[in-house]
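Enquirer: Let's see this in three dimensions:
(2 chains)
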Amino acid sequence: MVKLKSNDDKEFEVEEAAVIQSEMIKNMIEDGCATSVIPLPNIDSKTLIKVIEYLNKHINMGKAAETGEEDDLKEFDEQFVNMGWEELFDVIMAANYLNIHELMELCCQSAADRLKNKSVRAVREMLKITNDLTEEEEQEIINDAPWAFEGPEIDDTVN
Amino acid sequence: MAWSNNETVIDRSEESCEDGYNNCCDSSDVYIAVKPRGHGINTLAQFDLRTAAYKKEGNKASEFPVDIILREDMKIKDVAKRHVLPFLPAKSLMKFRAVSKEWNQWIASPLFAYNQSSTFQKLSGYFYQGVGIQGDPPIFLSLQRSTNGVPSPSLGFLPEKVEILSSSSGLLLCQGQDSYFVCNPATKEWKKLPPPQYYHGSDPAVLAFDPEFNIESFYHVIAAVPLLDHPVVCFEIYSSESDSWRCSPSDCRELENKILEGGGSYMKGVAYWNTSSNEVLAFSVKNEIPAVLHVPVIQAEQRGALTQIGDEVCYVTAYNDTGDVFVIDIYGGVDMSLKRSVV
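Expert: Next comes the predicted model:
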């Protein structure tokens, strides 16, 4: 078992087989730096619980293909990303930090699916990006590919 | 060596054409700034990403390029830029260039184009066109209009009327009056290929473009050329790296019926051509090895096509069974056995 500690000082015990899906922790264990508790200073307990839930479910990924549990895993993944935007990005940030490739891909795909229909303004707000383009520059980009800015389907909401 | 080693045979080409239309290509999205031309590597070499993108930002640590920000210091917008954007289709990306200076420069960069083209694997829609160059211009059937699209579905940016022959990872191969054109319908970039040495007849050419492990964006065009009066099919290959055609040392003598029909397709490393019988001519582009596959024999009024379902090459036939009952049969596996029948 490996102990992980969130930034709000809660400790979680996770099976080694599950936790080594994180490249970062795998390296720590291999280098012998994970003797007691691994502190994760930028992951809160709420997010860490989600990540551990994912790791535990995906522990037998290789076996799933053999035993025909792929559909089950697919369904879990679909349910898993069904969370709020802020929460999703907390998991993405954690997965990026811990370097969990599959989780990163799953969540980034979900984020992309939510962003693709959005208006430029909505994207800025959702990702806290300040617009530093001048009006002329922005107009130039729009004139460059007016077809990309067309369509009544473009969504201006931010969730 | 920039080509994928994956020899599994798959593809996304579909058979959603209606009767009377013989050209229907998937445009599995359309990659921004993937330039269909021979000297992609020069573009990349000349593009100094860091200085170009960040020269105005000064030395503030928070403004450093994402690559050198430590993982724990990354902000939401950095992670989104680096990891979420490559999952977006071309139309959304063209729109999101207007988000900020940083996004504009990043989306336009060749490195991003490479990332996106190996990450974005979904199908955007279908090109579809009537028979022949003089037929109607192609139209694009988008699977989701708000996010998938092309600026000029009729390919009006090309200098002449064309017939679409084949598509591969977002690029199209078209036949003009006397020459081939390769174009990226999302960016309107195009290239006219030099004339081949052999006479190619009607639509034997297939475009092969694997963006993965191919940052220079090289592509190949493979033409299967049946020799007159000989039971031999030769292969002439265009490479965008050398911008020239050459003949493959391999030829195929096993084909009983060398009448190629209805164009070809390219799926993960292998080009395929239907014939007028139940044989399919296959050619591994990397190793230049030809082979003949056999698909199930179908009745005269049925139509069949090779396609990719999941990770497998399948042969799909569709026919009118009785009255208004239509049946789609899907054959797959090594032995091309009937996998599923949809009524």
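
Enquirer: From here on, just use CA atoms for contacts and neighbour counts.
Expert: Will do.

Enquirer: biggest strand in chain B by residues?
Expert: The residue-count maximum for a strand in chain B (DSSP state E) belongs to strand B:312-322.

Enquirer: Quickly run through the sheet partners of the very next helix or strand once past it, with directions.
Expert: Where DSSP states H and E defines the elements, the next helix or strand beyond strand B:312-322 is strand B:325-332. In the sheet, strand B:325-332 lines up against strand B:312-322 (antiparallel), strand B:337-342 (antiparallel) (DSSP bridges).

Enquirer: Could you identify which of those strands is most buried?
Expert: For those, the largest average neighbour count (mean count of other C-alpha atoms under 10 Å in any protein chain shown) is found in strand B:312-322, namely a mean of 18.

Enquirer: hang on, the earlier thing: worst average pLDDT in the strands paired with strand B:325-332?
Expert: Lowest mean pLDDT within the strands paired with strand B:325-332: strand B:337-342, a mean of 71.

Enquirer: who in chain A is up against chain B?
Expert: A:42, A:89, A:93, A:96-97, A:108-109, A:111-113, A:116-117, A:120-121, A:123-124, A:127-133, A:138, A:141-142, A:145, A:147-154 (C-alpha under 8 Å from any C-alpha of the partner chain).

Enquirer: Buried among the residues you listed? Make that a ChimeraX selection.
Expert: The ChimeraX command for the buried members of the residues of chain A next to chain B (criterion: 16 or more other C-alpha atoms under 10 Å in any protein chain shown) is given here:
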select /A:89,93,96,97,108,109,111,112,113,116,117,120,121,123,124,127,129,131,133,138,141,142,145,147,148,149,154
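
Enquirer: The residues of chain A next to chain B in helices, which ones?
Expert: A:89, A:93, A:96-97, A:108-109, A:111-113, A:120-121, A:123-124, A:127, A:138, A:141-142 (DSSP state H).

Enquirer: As a check, name the ranges of all helices in the stretch 101-250 of chain B.
Expert: In the stretch 101-250 of chain B, the helices defined using DSSP state H, counting those that start in this stretch lie at B:101-107, B:110-119.

Enquirer: Name the residues that touch the first one?
Expert: Defining contact as C-alpha atoms under 8 Å, 6 or more residues apart in numbering or on different chains, one finds that helix B:101-107 is touched by A:131-133, B:32, B:53, B:81, B:93, B:96-98, B:112-113.

Enquirer: In this structure residue A:133 contacts residue B:100, no?
Expert: Yes: counting by C-alpha atoms under 8 Å, residue B:100 is a contact partner of residue A:133 at 5.7 Å.

Enquirer: before we move on, the earlier item: among the contacts of helix B:101-107, which one has the lowest pLDDT?
Expert: Lowest pLDDT of the contacts of helix B:101-107: residue B:53, 32.

Enquirer: Which strand residues bridge residue B:270?
Expert: residue B:267, residue B:284.

Enquirer: and it, how many neighbours?
Expert: By the criterion of other C-alpha atoms under 10 Å in any protein chain shown, residue B:270 has 24 neighbours.

Enquirer: how much space between it and chain A?
Expert: Look at residue B:270 and chain A: by C-alpha to the nearest C-alpha, to the nearest Å, they are 26 Å apart.

Enquirer: again, but for residue B:142
Expert: For residue B:142, the distance to chain A - C-alpha to the nearest C-alpha - is 13 Å.

Enquirer: Residue B:305 too?
Expert: 28 Å.

Enquirer: So that residue belongs to a helix, correct?
Expert: No: applying DSSP: H, G, I helix; E, B strand; the rest coil, one finds residue B:305 to be strand, outside a helix.

Enquirer: Give me the distance between it and residue B:329.
Expert: 11 Å (C-alpha to C-alpha, to the nearest Å).

Enquirer: circling back to that earlier point, of the helices of the stretch 101-250 of chain B, flag the one that's most buried.
Expert: With neighbours defined as mean count of other C-alpha under 10 Å, the helices of the stretch 101-250 of chain B peak in mean count at helix B:110-119, which reaches a mean of 22.

Enquirer: That one near chain A at all?
Expert: No: residues of helix B:110-119 contacting chain A under C-alpha under 8 Å from any C-alpha: none, with a closest distance of 9.6 Å.

Enquirer: need the helices of the stretch 101-250 of chain B in JSON lines with distance to residue B:322, can you?
Expert: Listed next are the helices of the stretch 101-250 of chain B as JSON lines, based on distance: least, C-alpha to C-alpha, whole Å:
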{"stretch": "helix B:101-107", "distance to residue B:322": "52"}
{"stretch": "helix B:110-119", "distance to residue B:322": "43"}
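
Enquirer: Quick one: closest of these to residue A:5.
Expert: Ranking the helices of the stretch 101-250 of chain B by proximity to residue A:5 (C-alpha to C-alpha) places helix B:110-119 first, at 32.9 Å.

Enquirer: Show me what the closest one is packed against.
Expert: Counting contacts by 3 or more C-alpha pairs under 8 Å, 6 or more residues apart in numbering or on different chains; DSSP states H and E, helix B:110-119 is packed against helix B:40-46.

Enquirer: Next to chain A, which bits of the stretch 51-200 of chain B? Give me the list.
Expert: Within reach of chain A by C-alpha under 8 Å from any C-alpha, the stretch 51-200 of chain B has these residues: B:71-72, B:76-77, B:79-80, B:83-85, B:87-89, B:91-92, B:94-101, B:145-147, B:149-151.
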